[in-house]
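Enquirer: Got a predicted structure here, sequence first:
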Amino acid sequence: MTDEHAYDVAIIGAGVVGTAIGRQLARYRLRTVLLERSNDVGTGTSKANTAIVHTGFDTQPGSLESTLVRRGHELLTAYAAASGIALERTGAVLVAWDAEQTARLDEVLAKSQANGYHHARRITLEELSRREPHLGGGATGAVTIPDESIICPWSASVAFATEAVGAGVELQLGVEVSHARRGPDDWVLRTTNGDIRARWVVNAAGLGSDLVNAWFGHDEFGITPRRGQLIVFDKLARPLLSSILLPVPTERTKGVLVAPTVYGNVLLGPTAEDIPDRDDTATTAEGIGGLLRAGRRILPELVHEEVTAVYAGLRAATEHRDYQISVHERERYACVGGIRSTGLTASLAIAEHVVAQMGDAGLTLAEAEQEPVVPRLPELGERGTRAFEDAGLIEGDPAYGSIVCFCERVTVGEVRDALGSPVPAVDLGGVRRRTRATNGRCQGFFCGAAVAARLASAVRP
Ligand SMILES: Cc1cc2nc3c(=O)[nH]c(=O)nc-3n(C[C@H](O)[C@H](O)[C@H](O)COP(=O)(O)OP(=O)(O)OC[C@H]3O[C@@H](n4cnc5c(N)ncnc54)[C@H](O)[C@@H]3O)c2cc1C
C-alpha cells in the first residue's frame, strides 16, 4: 500500500447521500475518495423512489429528519434551479376518505406547524374537486401543501458527483469495501481494488449501513429493507391530475400516493413491505394488484391508462423512527445510515450537517482555493425546453436535432454528452438516468440497440 492510497476522508457509498457528502467535502482542502461498489452513482435506493421533494410537513416534530428535510427542501430547490435539474412545484393535496381520516386532518395541520411548515391549509370539498376534477368520489376532507415538488431523482446523484469530481474528489466505481481495521494513524479499508487508508471514514452505505457500522464496533441499529413497488403510467394519463395526491399518513408509512413525474408520466405507489433480502427489488402480482385497487379509488380513470413500467425500491428502514446519523470523534468515523424515505429531499442538508459535525470533531475544514463549480445538466423535464426543441442548440450542433429515442425524444447529442461527461454513463441504465433514452412507452424496444451501439463505441474521458 503506497501513499497514493492515503486519504483524509473515504466515503463508502455513492448514492444521493454519499455524493452529496462528497460534494460538501470538496469545498475544503481535503483528499477525499468516494467508493461505490456499483458501476455508477445513484444506483441503489436513490434510483428507485417517488421523486418528491418533501416539505417535511408530516415528519416527526423535533426529529433530526424534520430539521434536515426542511433545510434539504430549501437547499435542493435552489440547487435544482442552479444546475438545471428538472423540478416542478406542483404542490400536493392530502385527501381524507372517511370520517376517521377527516378527524385526523387537524392533527396533520398541527404537525405541519410543529415542523415549521406554515403553508398547509384545509380546503373545501368544492375546491378539491375544482383542483382535481378526476379524483374519485367519496372524499371527505382535504389539506393542501403547496410547496411539495417533484424532481428528476437521477440527476441529483449525477450532479453532486460531477461537482465533487470537478473539485478534485476521487470517485472509484466498481469498488466494494468489505472490512475496516484500525491502522496506527488511520483506517485501512479492504476493498476489491486493494487496501485504502483514510483518516476519516463516512458510512453512507444505504441498505448496508448497519453492516458497515458493525466494522466500526457499533450496533445502534439494524436495517430491515422496506420494499416500495410503483407503477408508471403513460404520459396520456398526465392530464388526470395537477398535483401530488397524498393519503392521510399512518405511523408506519406515508401510504399510496399518485404523483406526476417531471418526465410527464404518472406514478402510483409505493407499497410498504418489510422483506429479508437487501437486494430484492422484484415487483409482485400482489403488490401491483394492491396498488391498482388503491389507485381505482383515488383516480378511477388512471387504472384504464397504459402502464409504461413497474419498479421497486428498498427503503433502509430501521427499528428507530429517525435517521441514524452519528459522528464519533475518537474513532474519526461518521455513520450516515437508516436514511429511509426522505433522503433525496434531505441529501444536501444531511451533507451540510455531517460535514459540520466532522469539523467540530477535529477534521480540518480549510477552504479550498477554488469554490466547486455547480455543473449544468441537460434539460430532462417535460416542462422545460428539451434539446430537440431548442433551435439555438441545434443550430450550434446538429446532433441535438437528430433523435435516437422517439418515445422520450432524446437526441444523439444528449446520448453522446452522457457518454463523455465527467461521470459518464457506462451502461444502458446509466444512459437512461442521464437522458431518458429507453425510458418511454417502448422501454427501449425501438432505440435500445442504437443506444447500445453508441455505448459500445464510446470513447471514455
Ligand atoms: C419506494 C421509495 C420511495 C421514496 N420516495 C422518496 C421521495 O419521494 N422523496 C425523498 O426525498 N426520498 C424518497 N425515498 C428515499 C430516498 O430514495 C432514500 O432516502 C435515498 O435514496 C437514500 O440514499 P442513500 O445514498 O442513503 O442510499 P443508496 O442510494 O442506497 O446508496 C448507498 C450506496 O452504497 C453502496 N454501498 C453499499 N455498501 C457498499 C460497500 N460495502 N462498498 C461500496 N459501496 C457500497 C450501494 O451500492 C449504494 O449505491 C424513497 C425511497 C423508496 C424506496
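Expert: In hand now; what should we look at? Residues are numbered from 1 along each chain as shown.
Enquirer: Nearest spatial neighbour of the residue in the stretch 251-400 of the chain that the ligand sits nearest to, chain-adjacent residues omitted?
Expert: When you check the stretch 251-400 of the chain against the ligand by Cβ to the nearest ligand atom, the closest residue turns out to be residue 343, at 2.2 Å. C-beta here means a position set from N, CA and C on the backbone, and glycine is covered the same way. Once flanking residues are discounted, residue 343 sits nearest to residue 17: 5.6 Å by Cβ to Cβ, 6 or more residues apart in numbering.
Enquirer: State the distance from the one you found to the ligand.
Expert: When distances are taken as Cβ to the nearest ligand atom, to the nearest Å, residue 17 and the ligand turn out to be 3 Å apart.
Enquirer: in what helix or strand does that residue lie?
Expert: Under DSSP states H and E, the secondary-structure element containing residue 17 is helix 16-25.
Enquirer: What lies in contact with that helix?
Expert: Residues outside helix 16-25 that contact it (Cβ atoms under 8 Å, 6 or more residues apart in numbering): 9, 11-12, 14, 32, 34, 36, 41-42, 46, 153, 156-157, 160-161, 163-164, 167, 169, 171, 202, 204-206, 336, 339, 343-344, 347-348, 350-352, 354-355, 372.
Enquirer: Please flag which of those sit within strands.
Expert: Among those, the members found in strands (DSSP state E) are 9, 11-12, 32, 34, 36, 171, 202, 336.
Enquirer: could I get the one helix or strand residue 393 maps to in PDB with only the CA atoms?
Expert: According to DSSP H and E, residue 393 maps onto helix 391-396. Extracted C-alpha coordinates of helix 391-396, given in PDB (Å, rounded to 0.1, in the frame of the first residue of the first chain):
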ATOM      1  CA  ALA A 391     -33.400  25.800 -32.200                       C
ATOM      2  CA  GLY A 392     -30.300  27.600 -31.000                       C
ATOM      3  CA  LEU A 393     -28.700  24.500 -29.600                       C
ATOM      4  CA  ILE A 394     -29.500  22.500 -32.800                       C
ATOM      5  CA  GLU A 395     -28.000  25.300 -35.000                       C
ATOM      6  CA  GLY A 396     -24.800  25.200 -33.000                       C
END
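Enquirer: quick one: buried residues of that helix?
Expert: 393-394 (16 or more other Cβ atoms under 10 Å).
Enquirer: can you list contacts of it?
Expert: Outside of helix 391-396, the residues within contact range by Cβ under 8 Å, 6+ apart are 387-388, 400-401, 413.
Enquirer: ok, now with 10 Å
Expert: The list of residues contacting helix 391-396 from outside it, by Cβ atoms under 10 Å, 6 or more residues apart in numbering, reads 378-379, 385-388, 390, 399-402, 411, 413.
Enquirer: Next, format those residues as CSV and append secondary structure and pLDDT.
Expert: Shown next, in CSV, are these (DSSP: H, G, I helix; E, B strand; the rest coil; pLDDT from 0 to 100):
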residue, secondary structure, pLDDT
378, coil, 96
379, coil, 97
385, coil, 97
386, coil, 98
387, helix, 97
388, helix, 97
390, coil, 97
399, helix, 98
400, helix, 98
401, helix, 97
402, coil, 97
411, strand, 98
413, helix, 98
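Enquirer: among these, which ones are buried?
Expert: The neighbour-count test (16+ other Cβ under 10 Å) applied to the contacts of helix 391-396 identifies 378-379, 386-388, 390, 399-401, 411, 413 as buried.
Enquirer: In stretch 140-149, which residues are buried?
Expert: Neighbour counts over stretch 140-149 (16+ other Cβ under 10 Å) mark 141-145, 147-149 as buried.
Enquirer: Spatially, what comes nearest to residue 261 if we skip its sequence neighbours?
Expert: Spatial nearest neighbour of residue 261, excluding adjacent residues (Cβ to Cβ, 6+ apart): residue 267 at 5.8 Å.
Enquirer: now the strand or helix carrying the one you found, how far from the centre of its chain.
Expert: Take DSSP H and E as the rule and residue 267 turns out to sit in strand 266-269. Going by Cα atoms, centre = their mean, to the nearest Å, the spacing between the C-alpha centre of strand 266-269 and its chain's C-alpha centre is 16 Å.
Enquirer: Residue 82 in helix, strand or coil?
Expert: Using DSSP: H, G, I helix; E, B strand; the rest coil, the three-state assignment for residue 82 comes out as helix.
Enquirer: Does it touch residue 376 like I think?
Expert: Yes - counting by Cβ atoms under 10 Å, residue 82 touches residue 376, with 8.6 Å between them.
Enquirer: Which residues are in contact with each of those two?
Expert: Common contacts of residue 82 and residue 376 (Cβ under 10 Å, 6+ apart): residue 159.
Enquirer: what residues go with each domain of the protein?
Expert: The record's domain split for the chain, according to automatic domain parsing, is 3-47+154-222+320-360, 92-146+224-317, 387-456.
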